[in-house]
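Engineer: would you be able to build a 3D model of this:
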Amino acid sequence: MLWRVMTDTAAGVNAHAWRAPSALADQVGTAARQWDSAGGTRRLWDKDASLWTGADEAKWLGWLAAVDAGRALLPKLHDMAAGIRRDGFTHALLLGMGGSSLCPEVLARTFGHQPGAPELHVLDSTVPSQVAAVEGRVDLDRTLVIVASKSGSTLEPSAFQQYFFQRIAAVRGAAEAARRFVAITDPGSKLEGQAKAAGYRHIVSGEPTIGGRYSALSPFGLVPAAVMGLDVAAFLDETARMVDAIRSAPAATNPGVSLGLLLGTAAVAGRDKLTLIASPGIAGLGAWLEQLVAESTGKNGQSIVPVDLEALAPPDRYGADRVFVYLRLATAPDAAQDAGIAALEAAGAVVVRIDVARPLAIGQEFFRWEIATAVASHVMRLNPFDQPDVEASKIETKALTSAYERDGSLPAETPAVSGGGLEIYADAKTASRLAAAAGTGTPEAWLRAHLASLKAGDYAALLAYVEMNARHAGVLQRIRHSIRDRAHVATCVGFGPRFLHSTGQAYKGGSDKGVFLQITADDARDLAVPGQAYTFGVVKAAQARGDLAVLAERGRRVLRVHLGTDVAAGLETIARLVDEAPLTPAR
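Structural biologist: Here you go, the predicted model:
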């Protein structure tokens, strides 16, 4: 088989090269020539909506100028950070969801605690035990709270804000509590009005022409960066090198455009599972990339499905539907990853190598991937800036929380089958199909029948509405790898509700290739949401049930497994049942 290697060579830019079979490489080469002949890069910077669907895309391209806008914000960021250090804050707690929380999480995981600055923590879960766990990691008396919400009315950040404001005000009083809060939100939002009325320490305006998932280089990323002590000026200077290279390079060697053309062309050809392998030092990038790619391309029956944190395996464990992207940190590479990627290349896999020169250069990747995702959406003829199916889940969740406020409880539900500490829930159509396939009414049989529906080109996704901690993640990783290694399909793990604002769009609006196992649990301890009738546990339950309803309404293969209060034991039971399921390579 013939192979081609495409690479960009711009000075000072994170190096990027890819290998693909000659047929795919020829298709990408043709797409690159067509892009250049049509003036694609110029039209992108001119905000030409006809590059996509000709709808409202032009109004969502403010991120193209985010580096320049960030530089204009530097004096304000410097003064804000200096004041926070001067006042002795030891922790910063960012409350957000999706685009407002994922970039700060990448920064916190990549750079850690900077000397002399507050340590940054991020909360983006309504699971009561996770809210309590995050609260336990900070000293609220010395914590700066950052409420980040573009719309200013998103359910989760609003609930987090109410909870932590009350917690601090109970000790320090409302006026002093407000001096410990910062708001990042679009002008005129509900949050802006609340912050002004309460007297928040700072209110920083977002850019209305930048959507949440494209906001990493906007105030939603730069304010937390400054607060945690990063050199934001140097960060933006690094990122500007990528911006300049993308604006000037022809498509074939353009570090953003060429990647987007490859991803879009590969997806159309059936290689629609974007498998992300990142060096340990920059592993946090994967969760941010999940949202950017899945929420942008997962609609109208198409999708590029990001696969993050799946451990590398021998080439024979994978199907023919993968594109592998290796984000390699040049200052701290992982030898096992190097060897695994080399084996995949030798076996003929489509592999993209991106060498991230240093941690501070991850800003280059934010911009590269924003461009690449927009260009891939061009190839797929999609609007990369809307998220219709995320909104559908929000509507279902709102209906359920409203029912709770009206009736004092969520609508009653009855499991289809139960046993061994597990309850199984499914919509009527799925229940009928699985009952016939299982032959017996036990959770084990239904789970086996559900997984047996996997076929070549599918993926399995674990949607876990449980606390995101190392123990739970470890068991979920074992489950996914058990499925991957025997069925040879891509696997995803998402913690609810955060994935609803991310991969949830692709799961519902993308191609019908997912086999979903939703996992819910009872709460050993619940937490009240101040000013509301519902609790965090009720919100979490409503989000899970709303998610299940929309997946079922879209005809997705989805099954819900409900655990008791011992989540770890329940997950171990699921792991055992999956291990015992007679999976074979999907055909």
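
Engineer: quick one: residue 228 and residue 116 touch, right?
Structural biologist: No. In this structure, residue 228 is not within contact of residue 116 by C-beta atoms under 8 Å, at 10.7 Å. Backbone N, C-alpha and C define where each C-beta goes, glycine included.

Engineer: more neighbours: which of these two?
Structural biologist: Taking other C-beta atoms under 10 Å, residue 228 and residue 116 do not tie; residue 228 has more neighbours (23 against 7).

Engineer: quick one: that one from residue 148, how far?
Structural biologist: 14 Å (C-beta to C-beta, to the nearest Å).

Engineer: got it, and residue 573?
Structural biologist: Taking C-beta to C-beta as the measure, residue 573 falls 37 Å from residue 148.

Engineer: those two: which is more packed in?
Structural biologist: residue 148 (34 against 18).

Engineer: give the contact list for that one.
Structural biologist: 94-96, 100-101, 104, 157, 183-185, 220, 223-224 (C-beta atoms under 8 Å, 6 or more residues apart in numbering).

Engineer: mind redoing it with 6 Å?
Structural biologist: Residue 148 makes contacts with 94, 96, 100, 184, 220, as judged by C-beta atoms under 6 Å, 6 or more residues apart in numbering.

Engineer: please apply the same query to residue 489.
Structural biologist: The neighbours of residue 489, taking C-beta under 6 Å, 6+ apart as the test, are 454, 458, 459, 460, 586.

Engineer: any idea of the mean pLDDT in the one helix or strand the fourth one maps to?
Structural biologist: This means residue 460. Assessed by DSSP states H and E, residue 460 sits inside strand 459-464. The average pLDDT within strand 459-464 is 98.

Engineer: could you list the buried residues of the very next helix or strand once past that strand?
Structural biologist: Next along the chain after strand 459-464, taking DSSP H and E as the criterion, comes helix 470-487. For helix 470-487, burial by neighbour count (16 or more other C-beta atoms under 10 Å) applies to 472-473, 475-480, 482-487.

Engineer: from residue 406, how far out is the most centrally placed residue in the chain?
Structural biologist: Closest to where the C-alpha atoms of the chain average out (C-alpha atoms, centre = their mean) is residue 291, at 3.5 Å. Distance from residue 291 to residue 406, counting by C-beta to C-beta: 33 Å.

Engineer: got it, and residue 286?
Structural biologist: Using C-beta to C-beta, residue 286 is found at 40 Å from residue 406.

Engineer: neighbour-wise, which of those two wins?
Structural biologist: Between residue 286 and residue 406, counted using other C-beta under 10 Å, the more crowded position is residue 286 (19 against 9).

Engineer: quick one: contacts for that one?
Structural biologist: 276, 278, 308.

Engineer: try it again at 10 Å.
Structural biologist: Residue 286 is in contact with 106, 276, 277, 278, 306, 307, 308, 309, 310, 325, 327, counting by C-beta atoms under 10 Å, 6 or more residues apart in numbering.

Engineer: nearest to residue 536 among these?
Structural biologist: Nearest to residue 536 among the contacts of residue 286, counting by C-beta to C-beta, is residue 106 at 24.9 Å.

Engineer: so that closest one makes contact with residue 230?
Structural biologist: No. Here residue 106 does not reach residue 230: they are 11.6 Å apart, not a contact under C-beta atoms under 10 Å.

Engineer: all helices for the stretch 151-300 of the chain, in order.
Structural biologist: For the stretch 151-300 of the chain, the helices defined by DSSP state H, counting those that start in this stretch occupy 155-172, 174-178, 190-198, 219-227, 232-248, 257-268, 285-297.

Engineer: so the fifth one versus helix 219-227, what angle?
Structural biologist: The directions of helix 232-248 and helix 219-227 differ by 140 degrees, with axes from the mean of the first three to the mean of the last three C-alpha atoms, to 10 degrees as the criterion.

Engineer: which neighbouring elements make contact with helix 232-248?
Structural biologist: Applying 3 or more C-beta pairs under 10 Å, 6 or more residues apart in numbering; DSSP states H and E, one finds that helix 232-248 contacts helix 40-45, helix 66-86, helix 219-227, helix 362-380.

Engineer: between helix 219-227 and the last one, find me the angle.
Structural biologist: The reference is to helix 362-380. 170 degrees.

Engineer: which helix or strand lies directly C-terminal to helix 362-380?
Structural biologist: helix 388-407.

Engineer: ok, then the element right after that next one?
Structural biologist: Next along from helix 388-407, by DSSP H and E: strand 417-419.

Engineer: which element is encountered next along the chain beyond that following strand?
Structural biologist: Toward the C-terminus from strand 417-419 - assigned by DSSP H and E - lies strand 422-425.

Engineer: ok, and what's touching that following strand?
Structural biologist: With C-beta under 10 Å, 6+ apart, strand 422-425 has contacts from 413-418, 431, 434, 438, 441-447, 450, 518-520, 544-545, 548, 552, 558-564, 570, 573-574, 577.

Engineer: could you chop the chain up by domain?
Structural biologist: Per automatic domain parsing, the domain ranges recorded for the chain read 3-44+257-380, 64-235, 388-580.
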